[in-house]
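Student: got a predicted structure plus its sequence, pasted below:
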Amino acid sequence: MYSYEMHQLRAAELIRRADRRRLVREAVAARRTAARTTGRDAPEGRVSENRGRFARAA
């Protein structure tokens, strides 16, 4: 009986961990989506400001 209870506790812990990881992934995805839709460069996405003054020649 002891091993069965330990198995149940372990299974419940794994389910809780999976739920937490899923929630974190969903939060990160929502944050990325929000960042893409807001800001001054929303249609193009994120634009790097460190390109320098002129475009590089081909």
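Tutor: Everything's here; your move.

Student: give me the neighbour count for R36.
Tutor: Using other Cβ atoms under 10 Å, R36 is surrounded by 14 other residues. Heads up, the C-betas are built off the backbone N, CA and C, glycines and all.

Student: sorry, wrong one. I was asking about D19.
Tutor: What D19 shows, counting by other Cβ under 10 Å, is a neighbour count of 10.

Student: so D19, which state does it fall into?
Tutor: Judged by DSSP: H, G, I helix; E, B strand; the rest coil, the three-state class of D19 is helix.

Student: pLDDT value on it, please?
Tutor: Looking at D19, its pLDDT is 98.

Student: distance of it from A12?
Tutor: Applying Cβ to Cβ, to the nearest Å, the value for D19 to A12 is 11 Å.

Student: also R21?
Tutor: For R21 relative to A12 (Cβ to Cβ), the value is 15 Å.
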